[in-house]
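A.B. asks: Sequence isn't available, so here's the structure alone:
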């Protein structure tokens, strides 16, 4: 007989799916934004000649790296927990 209490969910947390979804969206939208912004200015070729082009390029690159690292860290935390402790981050009832 199992002890009463909430069932233990062994699947990944929703935060991991959200981070991965944002990373997937940025993988498509980021290069598209770089391309569209980079077409402006006096010279539409590489390297960019306007500060906004560099800002978009750096912003997309930094956002990708941050989301990628966040996905890896969250997945590593999930993997490093003992098997019975993967439910949620909520404290258990003391009753």
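C.D. replies: Thanks, I have the structure now. For clarity, every value in this text was computed on a predicted model and none was experimentally measured.

A.B. asks: Every contact and neighbour count from this point should use C-alpha atoms.
C.D. replies: Will do.

A.B. asks: before we move on, which element is residue 54 in?
C.D. replies: Using DSSP states H and E, residue 54 sits within helix 51-80.

A.B. asks: I should have written residue 16 there, sorry.
C.D. replies: Judged by DSSP H and E, residue 16 forms part of helix 14-38.

A.B. asks: Give me the angle between that helix and helix 51-80.
C.D. replies: Interaxial angle, helix 14-38 versus helix 51-80 (axes from the mean of the first three to the mean of the last three Cα atoms, to 10 degrees): 160 degrees.

A.B. asks: Just name whatever secondary elements helix 14-38 is in contact with.
C.D. replies: For helix 14-38, the packing partners by 3 or more Cα pairs under 8 Å, 6 or more residues apart in numbering; DSSP states H and E come out as helix 51-80.

A.B. asks: What average pLDDT does the helix it packs on get?
C.D. replies: Helix 51-80 shows a mean pLDDT of 90 in the predicted model.

A.B. asks: ok, now stretch 29-37?
C.D. replies: 92.

A.B. asks: now what about it, what contacts it?
C.D. replies: 52-53, 56-57, 60 (Cα atoms under 8 Å, 6 or more residues apart in numbering).

A.B. asks: Can I have the buried ones of the residues you listed as a ChimeraX selection?
C.D. replies: Selecting only the buried entries of the contacts of stretch 29-37 in ChimeraX, with 16 or more other Cα atoms under 10 Å as the criterion:
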select :53,56,57,60
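
A.B. asks: With respect to residue 25, which of the contacts of stretch 29-37 is nearest?
C.D. replies: Among these, residue 60 lies closest to residue 25 (Cα to Cα), at 11.4 Å.

A.B. asks: Next, work out how far apart the closest one and residue 33 are.
C.D. replies: Distance of residue 60 to residue 33, given as Cα to Cα, to the nearest Å: 8 Å.

A.B. asks: re the thing from before, okay, buried residues for the helix holding residue 16 please.
C.D. replies: 16, 19-20, 23, 26, 30, 34-35, 37-38.

A.B. asks: can you list contacts of stretch 58-71?
C.D. replies: 16, 19-20, 22-23, 26-27, 30-31, 34.

A.B. asks: So what's the gap between that stretch and the chain middle?
C.D. replies: 8 Å (Cα atoms, centre = their mean, to the nearest Å).

A.B. asks: Noted, bye for now.
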